[in-house]
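A.B. asks: need a structure here:
(one chain, ligands or ions: 1)
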Amino acid sequence: MGVGIQVEHLNAWYGKTHTLQDINLPIPANHATALIGPSGCGKSTFVRCLNRMHETVAGARAEGVVRIGDMDVYKDASPVAIRRRIGMVFQRPNPFPTMSIYENIVAGVKLGGSPGRKALDEVVERSLRQSALWDEVKDDLKKKSGASLSGGQQQRLCMARALAIDPEVLVMDEPTSALDPISTSKIEDLIFELKTQYTIVIVTHNMQQAARVAENTGFFLSGKLVEFSPTHKIFTNPSDKRTEDYITGRFG
Ligand SMILES: Nc1ncnc2c1ncn2[C@@H]1O[C@H](COP(=O)(O)OP(=O)(O)OP(=O)(O)O)[C@@H](O)[C@H]1O
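C.D. replies: Numbers count the residues shown, from 1 in each chain. Next comes the predicted model:
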């Protein structure tokens, strides 16, 4: 099952640049939460703070509270333990190019121990079914490389890889921006199914996409969270003038 995420007074820096400023945000369990806002406003930095990937950038640091369920991400646990609870999918599909489809999926699982062959086979089938890719690749699992798949298939392979470690949260940073409309629609359908089992956070520039998949939406501007509301409210009756200007294209 998914868990809720509570973010309190989160601040993040790249060197001396104060990129995220006092972000407070409740991300409810088993819902999809969309994050929107203009380029450079800090959406990716924010999601990278959730699983402590932000601090892997030289000179970058974060302060504040991020709680995943009961776990205080910046106090209670190692980054490795946190990353097992949060699966990540990025803008550009990034399968390990030389590995087979099968190896792509089990790579992360093997880092957490050495399950037997049967258990690995089960993980591969489960995660490929969850990402709606099983029927397309089941006969080529060990024959084809990740890189030999189409862009849309590669992105679903990356979703399968993220789901293979059995996370509670799935963070997707612009997962469809490099995909055609059919692949995009498949991923959106998946988000709908997956949120029964996982908590989903999706960064998107596509406002229709936010409206289609997410119950709640946060609008970021210049490193601040301007508004966090039910998605229908953000798009029909936003509380903040800056949100309205952005969603109506009057921004700037
Ligand atoms: N590795 C980095 N080093 C220094 N500054 C960075 C780094 N990554 C991002 N930034 C800066 O932090 C700010 C926020 O960037 P971020 O990528 O979080 O924005 P974003 O809202 O996700 O943008 P986009 O929609 O274009 O992906 C920007 O000013 C960006 O230039």
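A.B. asks: so what's the residue most central in space within the chain bridging to?
C.D. replies: By Cα atoms, centre = their mean, the chain has its centre lying nearest to residue 171, at 1.5 Å. Residues in a beta bridge with residue 171, per DSSP bridges, are residue 88, residue 201.
A.B. asks: how about it, what does it touch?
C.D. replies: Listed by Cβ atoms under 8 Å, 6 or more residues apart in numbering, the contact partners of residue 171 are 47, 50-51, 86-89, 200-202. For glycine as for every other residue, the C-beta is placed from the backbone atoms N, C-alpha and C.
A.B. asks: Can you tell me which of those are buried?
C.D. replies: Neighbour-count burial (16 or more other Cβ atoms under 10 Å) applied to the contacts of residue 171 gives 47, 50-51, 86-89, 200-202.
A.B. asks: Nearest to the ligand, out of the residues you listed: which one, please.
C.D. replies: residue 47 (8.1 Å; Cβ to the nearest ligand atom).
A.B. asks: Can you get me a residue count around residue 45?
C.D. replies: 23 (other Cβ atoms under 10 Å).
A.B. asks: For residue 26, list each beta-bridge partner.
C.D. replies: residue 6.
A.B. asks: these two touch, right, it and residue 33?
C.D. replies: No. With contact defined as Cβ atoms under 8 Å, residue 26 does not count as touching residue 33 (9.1 Å).
A.B. asks: Which one of those two is surrounded by more residues?
C.D. replies: Neighbour tally, residue 26 and residue 33, criterion other Cβ under 10 Å: the higher count belongs to residue 33, 25 against 13.
A.B. asks: Contact residues of the stretch 1-150 of the chain facing the ligand?
C.D. replies: 14, 19, 37, 39-45, 57 (Cβ under 6 Å from any ligand atom).
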